[in-house]
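A.B. asks: no sequence for this one, just the structure:
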C-alpha cells in the first residue's frame with residue numbers, strides 16, 4: 001500500500017507565495033498567504049511582522065481603515081512599532097487627515113527601529129504642510145457644515161452656510177436644500193432647487209437632492225423622471241452611490257446593481273459596495289451572483305461578523321427578499337441573536353455559556369458592530385467579568401479594532417480597568433486613542449498622551465527626563481482601590497492618561513496639558529491625591 005505524504009507548508013513557503021502574489025498584484029491571494037503565515041508563526045515578533053505585511057496589503061487595496069487595524073496590532077512590540085506608526089501615517093494621508101498623519105510620522109521618527117523612514121517621512125511631511133497652508137477657508141466651512149449634519153445639528157449647519165448661501169454660491173444652496181429636506185421643510189427646499197435647475201438643468205447635486213425630496217414626499221412619478229435624467233449625466237462614485245440607493249428605495253434593483261458595479265470598477269475591494277451589490281442580486285432572485293459578491297467581501301474582511309451572517313442568509317435563503325441596503329442584518333435574525341445574548345447574560349452562568357456555545361461569541365461580536373452604546377456598555381460589563389481565556393481574547397480583539405466608535409472604546413476600557421485587566425490585556429487603540437499598553441511597566445516605554453478630540457505625542461525627552469521611584473508608585477496603586485473612587489465618565493481624557501502614565505508626575509502634567517479651564521485642572525489634581 002503506497003504511503004501518501006501530506007504536504008505541510010511552512011512559514012517560509014507562505015511568505016514566498018505572498019511575495020509572488022504581491023508582485024502579480026493579486027491582493028486577495030496575498031491576503032490568503034499572509035493569513036496562513038500568521039497561523040504558522042510561532043513568536044510574537046513574527047506575528048506582528050506579518051500584521052505589518054497585512055496592513056501594507058490593505059493599503060495597496062485602498063482599504064485604509066482595515067490597514068490601520070493591522071498596523072495598530074503591530075504597535076505592541078518594539079521591533080515593529082516604528083513601521084506600524086509609519087503605516088498608520090500613510091493611511092491617514094490617503095484619508096485626508098494630514099494633521100493627524102504628521103503626529104504618527106513624528107512618532108515613527110521618535111520611536112526608531114530597524115527600518116529608517118526618515119527620508120520618506122520628511123518628504124511626506126513637507127508635502128502635507130504645503131497642502132495644509134493652501135487649504136481654503138471656504139472648504140473648511142463646507143466640511144464643518146457636513147459634519148454638523150451627520151451629528152443632527154441642522155440649524156447650526158444652516159447658520160454656517162448662510163453667508164455663502166446669501167452670496168449666491170451654488171454648492172452652499174444645494175447643501176442648504178439637502179438640510180431642509182432632512183428637517184422636513186420641503187417647500188423651502190423645492191424653491192431653492194428649482195431656482196438652481198432653472199439656470200443649470202444638469203446640476204447633478206441639485207438633481208440628487210430633488211430626488212431625495214420626491215422620495216420623502218412619496219412623489220414617485222417625478223422621482224422616476226429625475227432619476228432617468230440623472231442616468232444621462234456624468235456622475236462620480238459618491239453620486240453613483242446615492243443614485244443606486246434611490247433606485248433601491250423604489251425596488252429597481254437592476255438599476256442599483258448597474259451603478260454599484262460602476263463604482264466597483266474603480267474601488268474593487270470596497271466591502272460596503274460588494275455587500276450592497278450582493279443584497280441587490282439577492283433581491284432580484286439571483287442567489288449565485290449574491291454569493292459571489294458576498295464571498296468577495298468576506299475574502300477582503302474575513303473577520304467581519306456581519307458579512308458572515310449575510311453569507312449564511314444567501315446560502316440558505318433564510319430571509320425572504322427584499323432586504324434593505326443596510327450594514328446590519330434583518331430584524332428576524334437580529335432578534336434571535338439579541339435574545340441569545342441576553343438569555344446568556346441573565347442566566348447567571350455567562351462564562352459557562354460563553355465557553356460552550358457555538359454561536360455566542362459571534363453574536364456578541366456582531367452586537368458590537370451595531371455601535372449601540374447601551375448594548376456596548378452592558379456587554380463590556382459582563383464580558384469583562386469573565387476570566388476565561390476565550391472571553392479575554394474577544395475582549396482584547398474588540399479593544400484593538402478600529403471599527404468601534406469613541407464611546408464604545410470608552411466603555412470597553414472603563415470595564416477593563418474596573419475588572420483588573422491591567423495585567424492580562426495588551427491594547428492598541430484607534431485614531432482617537434493612540435497606542436498604549438494597559439499595564440504599569442517598570443520604565444517609561446510608550447509615552448503618548450491624548451489631547452481632547454485628537455492624538456498628540458508629548459515630548460519624549462520631557463517625559464523621559466522625569467525620575468521617580470516606580471516601585472513606590474506601583475505599591476500604592478495596588479494597595480489602594482483607586483478605580484472605584486473615580487467617576488470615569490467625568491473626564492475620559494483622565495482615563496486615557498492612565499494607559500500611558502507610569503507615575504503620578506506624568507499624570508499631573510498630562511491632566512494640565514489637556515485641561516481647558518481652572519475647574520478641570522483642580523479636578524485633575526484632586527484625582528492625583530488618590531495615588
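C.D. replies: Done, it's in. Please read all numbers here as calculations on a predicted model, not as lab measurements. Residues are numbered from 1 along each chain as shown.

A.B. asks: From here on, just use CA atoms for contacts and neighbour counts.
C.D. replies: OK.

A.B. asks: Where does pLDDT dip in the protein?
C.D. replies: Where the chain drops to pLDDT under 70, the residues are 1-8, 112-115, 133-140, 400, 402, 406, 410, 413-414, 416-418, 420-531.

A.B. asks: tell me the domain ranges of it?
C.D. replies: Using automatic domain parsing, the domain parsing of the chain gives 11-134, 136-234, 330-426, 440-531.

A.B. asks: Now the residue lying closest to residue 176 once chain neighbours are set aside: which helix or strand?
C.D. replies: Using CA to CA, 6 or more residues apart in numbering and skipping residues adjacent in sequence, the residue nearest residue 176 is residue 158, 6.3 Å away. Taking DSSP states H and E as the definition, residue 158 sits inside helix 154-166.

A.B. asks: Please verify my assumption that residue 66 contacts residue 60.
C.D. replies: No - using CA atoms under 8 Å, residue 66 makes no contact with residue 60, being 11.3 Å away.

A.B. asks: more neighbours, the two?
C.D. replies: residue 66 (22 against 14; other CA atoms under 10 Å).

A.B. asks: What sits closest to that one if chain neighbours are left out?
C.D. replies: Excluding its sequence neighbours, the residue lying closest to residue 66 (CA to CA, 6+ apart) is residue 58, at 6.5 Å.

A.B. asks: how close does the one you found sit to residue 25?
C.D. replies: Residue 58 is 12 Å from residue 25, where distance means CA to CA, to the nearest Å.

A.B. asks: between these two, which one's more packed in?
C.D. replies: A count of neighbours by other CA under 10 Å puts residue 58 above the other of residue 58 and residue 25, at 25 against 14.

A.B. asks: which ones are touching that one?
C.D. replies: Contacts for residue 58 (CA atoms under 8 Å, 6 or more residues apart in numbering) come out as 64, 66, 67.

A.B. asks: Can you pull up the most central residue in this structure?
C.D. replies: Computing the C-alpha centroid of the chain and ranking residues by CA atoms, centre = their mean puts residue 403 first, at 3.4 Å.

A.B. asks: Now do the same for that one: helix, strand or coil?
C.D. replies: Here residue 403 is coil, with the state taken from DSSP: H, G, I helix; E, B strand; the rest coil.

A.B. asks: need the contact list for it.
C.D. replies: For residue 403, the contact set (CA under 8 Å, 6+ apart) comprises residue 369.

A.B. asks: same check, this time on residue 164
C.D. replies: Contact analysis of residue 164 by CA under 8 Å, 6+ apart lists residue 172.

A.B. asks: Would you quantify the distance from it to residue 205?
C.D. replies: 17 Å.

A.B. asks: With residue 146 instead?
C.D. replies: In terms of CA to CA, residue 146 sits 14 Å off from residue 205.

A.B. asks: could the contacts of residue 58 be laid out in TSV, adding secondary structure and distance to residue 380?
C.D. replies: Formatted as TSV, the contacts of residue 58 follow (DSSP: H, G, I helix; E, B strand; the rest coil; distance: CA to CA, whole Å):
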residue	secondary structure	distance to residue 380
64	helix	27
66	helix	23
67	helix	25
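
A.B. asks: which stretches of this structure form strands?
C.D. replies: With strands called from DSSP state E, the chain shows them at 449-451, 454-456.

A.B. asks: Among the contacts of residue 58, which one sits closest to residue 311?
C.D. replies: residue 66 (20.2 Å; CA to CA).

A.B. asks: That closest one and residue 96: what is the separation?
C.D. replies: Note on residue 66: its distance to residue 96, by CA to CA, is 16 Å.

A.B. asks: In space, what's closest to residue 242 - neighbours in sequence excluded?
C.D. replies: That would be residue 208: by CA to CA, 6+ apart, it lies 7.4 Å from residue 242.

A.B. asks: no, scratch that, I was asking about residue 363
C.D. replies: Residue 363's closest residue in space is residue 337 (CA to CA, 6+ apart), at 5.9 Å.

A.B. asks: Neighbours of the one you found, how many?
C.D. replies: A count of neighbours around residue 337, defined by other CA under 10 Å, yields 19.

A.B. asks: Repeat that for the one 4 residues further on.
C.D. replies: Summarising burial for residue 341: neighbours were counted as other CA under 10 Å, giving 21.

A.B. asks: Would you agree it is in contact with residue 360?
C.D. replies: Yes - at 6.6 Å, residue 341 counts as touching residue 360 under the criterion of CA under 8 Å.

A.B. asks: Give the buried residues for stretch 195-214.
C.D. replies: Buried positions in stretch 195-214, judged by neighbour count with 16 or more other CA atoms under 10 Å: 196, 202-214.

A.B. asks: just these now: which is nearest residue 320?
C.D. replies: Closest approach to residue 320 among the buried residues of stretch 195-214 (CA to CA): residue 212, at 26.8 Å.

A.B. asks: separation between that closest one and residue 178?
C.D. replies: Residue 212 is 8 Å from residue 178, where distance means CA to CA.

A.B. asks: List the contacts of residue 186.
C.D. replies: With contacts defined as CA under 8 Å, 6+ apart, residue 186 is in contact with 180, 213.

A.B. asks: So for stretch 104-124, what gets flagged as buried?
C.D. replies: In stretch 104-124, counting by 16+ other CA under 10 Å, buried: 104, 105, 106, 107, 108, 109, 111, 112, 117, 121, 124.

A.B. asks: typo on my end, stretch 25-36
C.D. replies: Buried residues in stretch 25-36, defined by neighbour count with 16+ other CA under 10 Å: 27, 28, 29, 30, 31, 32, 33, 34, 35, 36.

A.B. asks: Hmm, residue 297 and the second one touching each other?
C.D. replies: No - in this structure, residue 28 is not within contact of residue 297 by CA under 8 Å, at 10.4 Å.

A.B. asks: So for the two, which residues contact both of them?
C.D. replies: Common neighbours of residue 28 and residue 297, counting by CA under 8 Å, 6+ apart, are absent.

A.B. asks: Stretch 281-299: which residues count as buried?
C.D. replies: Within stretch 281-299, the residues scored as buried using 16+ other CA under 10 Å are 281-284, 287, 289-299.

A.B. asks: Helices - which of these land there?
C.D. replies: Residues of these located in helices (DSSP state H): 281-283, 287, 289-299.

A.B. asks: now, which of those residues sits nearest residue 347?
C.D. replies: Nearest to residue 347 among these, counting by CA to CA, is residue 298 at 33.3 Å.

A.B. asks: what about the residue nearest to residue 176, neighbour count?
C.D. replies: 21.

A.B. asks: that older thread, between the buried residues of stretch 195-214, which is closest to residue 347?
C.D. replies: Of all the buried residues of stretch 195-214, residue 347 sits closest to residue 212, with 46.5 Å by CA to CA.

A.B. asks: State the distance from the closest one to residue 268.
C.D. replies: The gap separating residue 212 from residue 268 is 27 Å, by CA to CA.

A.B. asks: got it, and residue 126?
C.D. replies: From residue 126 over to residue 268 the distance is 31 Å, taken as CA to CA.

A.B. asks: Which residue of the two possesses the greater neighbour count?
C.D. replies: Legend: neighbour count by other CA under 10 Å for residue 126 and residue 268, higher for residue 268 (16 against 11).
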